[in-house]
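1. quick one, structure for this:
(one chain, ligands or ions: 1)
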Amino acid sequence: MSEETIRRSELMWGAIAAFAVGIMAAVIVVSSFAMAIHPPSNVETIDPTTLNTNSEFAESNLGTRVNPDGSVTVRIVATQFEFLPRCIPVPKDRQVTFRVTSPDVIHGFLIAGTNANTMVVPGYVAQLRTVFGTAGDHLMPCHEFCGLGHSEMWALVKVLDGAQWKPDSSGKISCELPR
Ligand code: CUA
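-> Numbering: from 1, shown residues only. Predicted coordinates:
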């Protein structure tokens, strides 16, 4: 093989590699700016030692609430070894914002059958938004090993359609786990 052939081959493969890198960079730029696809990355800190006196994550404020502007927020504390609350009603076809935090160790937040999936790290508020297109129940297991009771740590998300979705006058709505 002549020097010239080798040089051409190297240039060709160099160009192919540069093209591939260019395509990948373009995919990242288009998906993040034009399509707004990001990994869950809400960086919001909270003092994990005082959650029970924190106005947002006090026990009486946990669960599903319709805000005055009509949006729906669900606040959850993930703790060894349960989610508070354990039954979470949400409306069908409306955007729901989940805000989750932990007072003890890292837990996982996953709504089976949906794209809702994040870690719950003490000291931070994990936030994500999603829309449920069909009514029905979703299991919500903890998916980060958090101790001996990890496999017992789960909750239920109940997607309610219009007739079942009945928040009270303060905007709160809750549900009971089936026996
Ligand atoms: Cu909480 Cu595993």
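2. get me the contact residues on this structure for the ligand.
-> Ala78, Phe81, His107, Cys142, Glu144, Phe145, Cys146, His150, Met153 (Cβ under 6 Å from any ligand atom). Every residue, glycine included, has its C-beta placed from N, CA and C.
3. grab the nearest non-local neighbour of the first one.
-> What that stands for is Ala78. Distances taken as Cβ to Cβ, 6 or more residues apart in numbering place His107 nearest to Ala78, at 3.9 Å, with adjacent residues excluded.
4. got the contact list for that neighbour?
-> Taking Cβ atoms under 8 Å, 6 or more residues apart in numbering as the contact definition, His107 lies against Ala78, Thr79, Met119, Val120, Cys142, Glu144, Cys146, Met153.
5. redo those residues as a markdown table? Include neighbour count.
-> Output for these, formatted as a markdown table (neighbours: other Cβ atoms under 10 Å):
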| residue | neighbour count |
| --- | --- |
| Ala78 | 29 |
| Thr79 | 19 |
| Met119 | 17 |
| Val120 | 23 |
| Cys142 | 25 |
| Glu144 | 17 |
| Cys146 | 20 |
| Met153 | 22 |
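6. quick check: mean pLDDT across stretch 134-151?
-> Regarding stretch 134-151, the rounded mean pLDDT is 95.
7. other residues contacting it?
-> With contact meaning Cβ under 8 Å, 6+ apart, stretch 134-151 is reached by 78, 80-81, 83, 88, 92, 104-114, 117, 119-120, 132, 153-161, 164.
8. give the buried residues for it.
-> Neighbour-count burial for stretch 134-151 flags Ala135, His138, Met140, Pro141, Cys142, His143, Glu144, Cys146, His150 (criterion: 16 or more other Cβ atoms under 10 Å).
9. all the helices of the chain, in order from the start?
-> 3-29 (DSSP state H).
10. now do the strands in it.
-> Assigned by DSSP state E, the strands in the chain fall at 63-66, 72-79, 82-84, 87-91, 95-101, 107-110, 117-120, 126-131, 136-141, 154-160, 172-173.
11. out of the ones you listed, nearest to Ser2?
-> Among the strands of the chain, the nearest to Ser2 by Cβ to Cβ is strand 117-120 (55.2 Å).
12. list the buried residues for stretch 62-75?
-> Leu62, Gly63, Thr64, Arg65, Val66, Val72, Thr73, Val74, Arg75.
13. surely the first one meets Thr73?
-> No: counting by Cβ atoms under 8 Å, Leu62 sits too far from Thr73 to count as a contact (10.8 Å).
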